[in-house]
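Asks: Give me coordinates for this.
(2 chains, ligands or ions: 2)
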Amino acid sequence: MLHMLQKPLEAQKPSRRTFLKMSAGAVGGLVIAMNLPRAAKAAAGSSEFAQPFVHIRPDNTVIVLSKHLDKGQGTATGLTTLVADELDASYEQVAVEFAPSNPQVYANTLFGVQGTGGSTAMANSFIQYRQAGAAAKAMIVAAAAQKWGVPAGEITVSNGVVSHPSGNSASLGELAGLAAEQDVPAEPVLKTPDKWVYIGKSFPRLDVRNKTIGAPNTYTMDFQRDDLLVATVARAPRFGGEVKSFDASEAKKMPGVVSVFQIPHGIAVVAKSTWPAIKGRELLEIEWDDSEAETRSSDAMFAELKDMTAKPGLKVREDGDVDAALEASARVLEADYEFPFLAHGAMEPLDAAIQFDGDTAELWLGSQLQTVDHNVAATILGIGFEKVKINTLWAGGSFGRRAQADSHPVAEVAFLAKAMQAAGMDPAPVKIVWTREDDMAGGYYRPMSAHKVKVGLDENNSVTGFKYNIAAKSIIKGTPFEAMLMKDGVDHNMTEGAHDTTYALGVMNMDQTLQETKVPVLWWRSVGHTHTAYVMETMIDRIAKETGKDPVALRLELMKDDPRKANVLKLAAEKAGWDTPAPEGRHRGVAVHKSFGSYVAEVAEISFREDGTIKVEKVTAAVDCGTPINPDNIRAQVEGGIGYGLGAILRNQVTLVDGVVEETNFDTYEPLRISDMPEIDVHIVASNEAPTGIGEPGTPPIGPAIANAIAAAKGEWVTTLPLTKAGLV
Amino acid sequence: MSVTLKINGETRTLNADPDSPLLWAIRDELGMTGTKFGCGIASCGACTVHWDGVPIRSCQTMVGDVDGAEITTIEGVNGKAAKAIQAAWNELDVPQCGYCQSGQIMAATALLSETPKPSDEDIDAAMDGNVCRCATYARIRKAIHVAADKMEG
Ligand code: FES
Ligand code: FES
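Replies: Ligands and ions are numbered 1, 2, ... in the order given. This next block holds a predicted model:
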């Protein structure tokens, strides 16, 4: 955890510098984007084609190397689709593997380091992976031309078969060795969209079969070796707490427990298997030092946030004198919002495995920021970057949780492996398993936040001014990302989706105040949009009601030069039958929001049960994420994004009492269940624009769409989440 | 103490502590990792296995209680209902991260074995204990209906 890593971070200074150097290398990353990294052509006699993103084996399998983690978003399949399309491989012959950690080759071209997040996987790879496929195809064709003594221009490739009108034909695998010896084209020519065979056509996901038979070696949790040790870590119950003293004698007596070590994050119990590691930890006697810890309750932290929003803060946006605009208005609408801490609650709790022999280290984990994980491991172990190998495994969800600036799960396994080595233990692999309680009470939450909004309206019902003060802890401040992502001390991640709105709202000013707390916070599926979309889209609905306008019509009127947003809004409204009354007993609400380059509009239809609680019956969504690479996967991501947001809006919050987390498992942090899931109808806009994000954009509109549906029935907007607090769930 | 049980048709002996959860014996001792750990408190269903065909939470079933039992895990689940469920799951691309899906498939298979033509209410009742944080619920529901049709056909 960040707060616990203060000491180790001191020791990690070189890591920080290396990281920044790599970040500065972002420019290099961009160069990579334009010029496909490529292996030198192979020497004669090799039978395999091995370029950085594509391997073609003599057995005719085509392996695509995914530089991105796939944590459920279909990324690995998406990247494979791009290569397979340009290469004209058959669906049956392609497979995907995760690429090694190597920022020179596999950087996210938008980050400059290797990593997945911000719904950028397709956006940053769309050209790169197609170029990789096109280059491979050109080399295959050149090989066939050489072998058959015919002009390359007469050769065609279709569904994995290379052929010439003379009757010659071969598989990709048969030509792989000879193809590897060909010159790598500097500027591979890409297909025009009319020639695409897979892009836009719902290529079935490559990971589904394994995930329906319980295949081994899929997730980190399943990592096995004969000599594998399993560890749990007792971490401070309060964020920022430290071990004062501990007694492990009883824990060590537990059968199966091998040893106990103190690491900067707490006390690690190492055992032969998982259960003794879990039970052995319960026998530890630990005295904690809470002198530096967060000991407040979340109520007190909310009170502080509310005070912060009542005062001026850092200027995020300043159109002019908003106070004067409000003063001169005929009416002013005011609202205060509160959003709680949220846990990610990915289905696979956190975990990571390592093997360290004193000189080299190998790690296995669902690595979301490979370069950061790699650096942190190398630095803690005191070995060179090249001495560390990261094996990326499929992740059982993340929603942001596996992308930490401090790589704390990796730091823990590295410190533990180092301690085991120092104690003279054999260099056995060791896996740290987080229980659900560890994961949920372990912090790195979506920040809690308070928002104060004032909107001015004149006699003609025009918006004159919009004053928006927000207070929360910054996700970025104090991390190595600060230099890249913060400007003049302002965290724009926190206000994305508000300060950059395309609604014309008169004089719009936005201030932010950053809360200081030891509770670590992190991006949670859609980051700042999780709260800004809710505030903006419910306020717009209030303005509609106040001015007697239709919510869809008002949005279209206020939106300036935003045709794609207008388009999804109109499409969702049309498909939901917005212009016709809702069915008996149902109420509709609408919201539209742009995030991660994509536009999503959602119309929610709700009903009320006899006890006054709500049931979300149906959600109609329209999405424009540029060129749809895989429409069925886009639908899946919008369905999942809506479900993920809905669960949180209905009943999720992490609260603290005297600094201790109250909700530690799914009994108290009640997740969305199948009986809560509405019918979801997703419509995708046809587009030739560059592809943009889809993992996150489905999430932001669902909260406000539901709040607006509730208001349509009750005349009031819920401003404190989750909805359980208003007795609606 | 050792416990003998039949797992996926094979007789196996477990040397685990009788008070330890069946889940960890299956995963760590028998090396079958298809059955997942999600919560450890019977709140998520990721660890669902069949005991004589009935879905149970292996995280809250102790090794000492399964002496002589017949246990089926995702690795061994078979038969008409299981095949139809797995085929429908593939047809509809149900999984996202996939971590919950072993448990979903075990629960759905048990449902179809008991109730070959389940209503939406039957599905809610049988599947509400199985959490999917990726919220693949709409497809799970649809796939169960598709599998039911397959079993009929
Ligand atoms: S792990 Fe058994 S129900 Fe969650
Ligand atoms: S598919 Fe990810 S939890 Fe269900």
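
Asks: so how far is A:Phe111 from the residue in the stretch 401-550 of chain A positioned nearest to chain B?
Replies: Using CB to the nearest CB, A:Arg436 is the residue of the stretch 401-550 of chain A that sits closest to chain B, at 4.5 Å. Using the backbone N, CA and C atoms, a C-beta is placed for each residue, glycine as well. A:Arg436 sits at a distance of 30 Å from A:Phe111 (criterion: CB to CB, to the nearest Å).

Asks: Measure how far stretch A:703-715 is from the centre of its chain, please.
Replies: In terms of CA atoms, centre = their mean, to the nearest Å, the centre of stretch A:703-715 is found 28 Å from the chain centre.

Asks: Quick one: mean pLDDT for it?
Replies: Stretch A:703-715 shows a mean pLDDT of 98.

Asks: in that stretch, what's buried?
Replies: Neighbour-count burial for stretch A:703-715, counted by 16 or more other CB atoms under 10 Å in any protein chain shown, picks out A:Gly703, A:Pro704, A:Ala705, A:Ile706, A:Ala707, A:Asn708, A:Ala709, A:Ile710, A:Ala711, A:Ala712, A:Ala713.

Asks: next one: stretch A:454-462
Replies: Going by neighbour count (16+ other CB under 10 Å), the buried part of stretch A:454-462 is A:Lys454, A:Val455, A:Gly456, A:Leu457, A:Ser462.

Asks: So which residue is smack in the middle of chain B?
Replies: Residue closest to the mean C-alpha point of chain B, counted by CA atoms, centre = their mean, is B:Met106 at 2.7 Å.

Asks: need the contact list for that residue.
Replies: Going by CB atoms under 8 Å, 6 or more residues apart in numbering or on different chains, B:Met106 touches B:Thr48, B:Val49, B:His50, B:Pro55, B:Thr72, B:Thr73, B:Ile74, B:Val77.

Asks: and with 7 Å instead?
Replies: Residues in contact with B:Met106 (CB atoms under 7 Å, 6 or more residues apart in numbering or on different chains) are B:Thr48, B:Val49, B:His50, B:Pro55, B:Ile74, B:Val77.

Asks: now do A:Tyr219
Replies: Going by CB under 7 Å, 6+ apart, A:Tyr219 touches A:Glu348, A:Leu393, A:Trp394, A:Ala395, A:Gly396, B:Tyr99.

Asks: Tell me how many other residues surround the second one.
Replies: Here the count is done by other CB atoms under 10 Å in any protein chain shown, and A:Leu393 has 24 residues near it.

Asks: what do you get for the last one?
Replies: Residues lying near B:Tyr99 (other CB under 10 Å) number 31.

Asks: and the stretch 301-450 of chain A, which residues reach chain B?
Replies: Proximity of the stretch 301-450 of chain A to chain B (CB under 7 Å from any CB of the partner chain) is limited to residues A:Gly345, A:Ala346, A:Met347, A:Glu348, A:Ala395, A:Gly396, A:Gly397, A:Thr435, A:Arg436.

Asks: Check whether the fourth one sits in a helix, strand or coil.
Replies: This means A:Glu348. Under DSSP: H, G, I helix; E, B strand; the rest coil, A:Glu348 falls in the coil class.

Asks: any idea how far A:Ala419 is from it?
Replies: Taking CB to CB as the measure, A:Glu348 falls 25 Å from A:Ala419.

Asks: So which of those two has more stuff around it?
Replies: More neighbours surround A:Glu348 than the other of A:Glu348 and A:Ala419, with 32 against 17 (other CB under 10 Å).

Asks: Tell me which residues touch that one, please.
Replies: Here A:Glu348 is in contact with A:Tyr219, A:Met221, A:Ala395, A:Gly396, A:Gly397, B:Tyr99 (criterion: CB under 7 Å, 6+ apart).

Asks: Go again with 10 Å.
Replies: For A:Glu348, the contact set (CB atoms under 10 Å, 6 or more residues apart in numbering or on different chains) comprises A:71-72, A:218-222, A:366, A:393-398, A:401-402, A:434, A:439, B:36-38, B:46, B:97-100, B:133.

Asks: again, but for A:Val332
Replies: So A:Val332 contacts A:Ala325, A:Leu326, A:Lys454, A:Val455, A:Gly456, A:Leu457, A:Thr464, A:Gly465, A:Lys467 (CB under 10 Å, 6+ apart).

Asks: could you dump those residues to CSV with distance to A:Gly149, pLDDT and secondary structure?
Replies: Below are those laid out as CSV (distance: CB to CB, whole Å; pLDDT from 0 to 100; DSSP: H, G, I helix; E, B strand; the rest coil):
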residue, distance to A:Gly149, pLDDT, secondary structure
A:Ala325, 78, 98, helix
A:Leu326, 80, 98, helix
A:Lys454, 78, 98, strand
A:Val455, 75, 98, strand
A:Gly456, 79, 98, strand
A:Leu457, 79, 98, strand
A:Thr464, 77, 98, strand
A:Gly465, 76, 98, strand
A:Lys467, 76, 98, strand
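
Asks: Looking at these, point me to the pair that's furthest apart.
Replies: Maximum pairwise distance among the contacts of A:Val332 (CB to CB): 13.0 Å, between A:Leu457 and A:Lys467.

Asks: one step back: of the contacts of A:Val332, closest to A:Gly241?
Replies: Checking these against A:Gly241 with CB to CB, the nearest one is A:Lys467 at 39.0 Å.

Asks: Can you spell out which residues form a bridge with the closest one?
Replies: With DSSP bridges as the criterion, A:Lys467 is bridged to A:Lys454, A:Asn509.

Asks: Next one: it from A:Ala324, what distance?
Replies: Distance, A:Lys467 to A:Ala324, by CB to CB: 11 Å.

Asks: what do you get for A:Leu505?
Replies: Distance of A:Leu505 to A:Ala324, given as CB to CB: 15 Å.

Asks: The two - which one has more neighbours?
Replies: A:Leu505 (25 against 13).

Asks: And for whatever residue of chain B ends up closest to chain A, the neighbour number?
Replies: Closest contact between chain B and chain A, by CB to the nearest CB, is at B:Gly34 (1.9 Å). Number of residues near B:Gly34 (other CB under 10 Å) recorded here: 26.

Asks: who touches it in this structure?
Replies: For B:Gly34, the contacting residues are A:210-216, A:218, A:222, B:26-27, B:49, B:73-77, B:101-103, B:105-106, by CB under 10 Å, 6+ apart.
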